[in-house]
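Asks: Quick check, what structure comes out for this input:
(one chain, ligands or ions: 1)
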Amino acid sequence: MSEDAQKLFAGPCGFVAGAASRDAIPPADLPEIAFAGRSNVGKSSLINALLRRKSLARVSQTPGATRQINFFALGEKLVLVDLPGYGFAQASKSLAQAWQSLVFSYLRGRTSLKRVVLLIDARRGVMPVDDEAMTILDEAAVSYLPVLTKIDKLSAAERDLAVLRCRDGLARHIAAYPEIVATSAVTGEGLDSLRGHIAALI
Ligand code: GDP
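Replies: Take a look at the predicted model:
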């Protein structure tokens, strides 16, 4: 990992704002990297692990409990945007629509948004809801980096297969970045690679 990336992720990090509605979305003053994924994909765990914090982003016991967009400033350099998890089983149709509408409001014309880190559970692969989310990002012309989570749960052979399957699942998505990063919030695997990727964008 470059020195810049090390400095960036070792620096101070603080909660800036939480937005449950379009009006509450803060103005974009800094470059932003957003994290999106199915509820329970391991998004909070990954954000905390990336930042080496225990509980900046909440690791939820109730899938789908966090339905707002949270903004965290990393130094004076970058804002990490934690998008609400999608596709939780208990969600009603109107809630799914509320998710789409809030996320759309954020994505629309957000020129400060450098990339979306799109999280895919390594054990499950690209699910229909992931496919829907990627289609939304394709339509919004927002480039996203596919990142597998919980890779520690797979054997070496299963990992290779998971990456291949994920690549297949991304094939028709025009805005997907042509690289897949495999990560684990538990072992720390892939985190430096992801930090380096993020630092190179600002
Ligand atoms: P979120 O809903 O996407 O924010 O997911 P959480 O971060 O709350 O994680 C969901 C569940 O997966 C929790 O029980 C975590 O402990 C577990 N988990 C998250 N990341 C990993 C990982 O890298 N490896 C393993 N083995 N478990 C993980």
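
Asks: Identify the residues contacting the nearest residue to Leu118 once chain neighbours are set aside.
Replies: Sequence neighbours aside, Tyr144 is the residue nearest to Leu118 in space, at 4.3 Å (criterion: Cβ to Cβ, 6 or more residues apart in numbering). Where C-beta positions appear, they are placed from N, C-alpha and C, glycine not excepted. Applying Cβ atoms under 8 Å, 6 or more residues apart in numbering, we find Tyr144 in contact with Ala36, Arg115, Val116, Val117, Leu118, Met134, Leu137, Ala175, Ala176, Tyr177.

Asks: Apply 10 Å and report the result again.
Replies: Contacts for Tyr144 (Cβ atoms under 10 Å, 6 or more residues apart in numbering) come out as 34, 36, 115-119, 133-134, 137-138, 170, 173, 175-177.

Asks: mind listing which of these are in helices?
Replies: The members of the contacts of Tyr144 that map onto helices under DSSP state H are Ala133, Met134, Leu137, Asp138, Leu170.

Asks: What score does the second one have for pLDDT?
Replies: What that stands for is Met134. Per-residue pLDDT puts Met134 at 92.

Asks: Check which helices and strands the helix or strand bottoming out on mean pLDDT in the chain is in contact with.
Replies: Least confident element among the helices and strands of the chain, by mean pLDDT, DSSP states H and E: helix 93-107 (a mean of 83). Applying 3 or more Cβ pairs under 10 Å, 6 or more residues apart in numbering; DSSP states H and E, one finds that helix 93-107 contacts strand 13-19, strand 32-37, strand 69-74, strand 113-121, helix 128-139.

Asks: Let's have these in CSV, adding distance to Arg165 and mean neighbour count.
Replies: Formatted as CSV, the helices and strands packed on helix 93-107 follow (distance: least, Cβ to Cβ, whole Å; neighbours: other Cβ atoms under 10 Å):
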stretch, distance to Arg165, mean neighbour count
strand 13-19, 34, 15
strand 32-37, 17, 23
strand 69-74, 29, 21
strand 113-121, 10, 23
helix 128-139, 12, 17
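
Asks: residue nearest the centroid of this structure?
Replies: Among the residues of the chain, the smallest C-alpha distance to the mean C-alpha position (Cα atoms, centre = their mean) belongs to Phe35, namely 2.0 Å.

Asks: Write out the residues of this protein neighbouring the ligand.
Replies: Listed as neighbours of the ligand in the chain under the rule Cβ under 6 Å from any ligand atom: 37, 39-45, 59-60, 63, 85, 149-150, 152-153, 184-186.

Asks: OK, contacts around the closest residue to Val129 other than its chain neighbours?
Replies: When the adjacent residues along the chain are set aside, Val129 lies closest to Gly87, with 3.3 Å between them (Cβ to Cβ, 6+ apart). With contacts defined as Cβ under 10 Å, 6+ apart, Gly87 is in contact with 37-41, 63-64, 96, 99, 127-130, 132-133.
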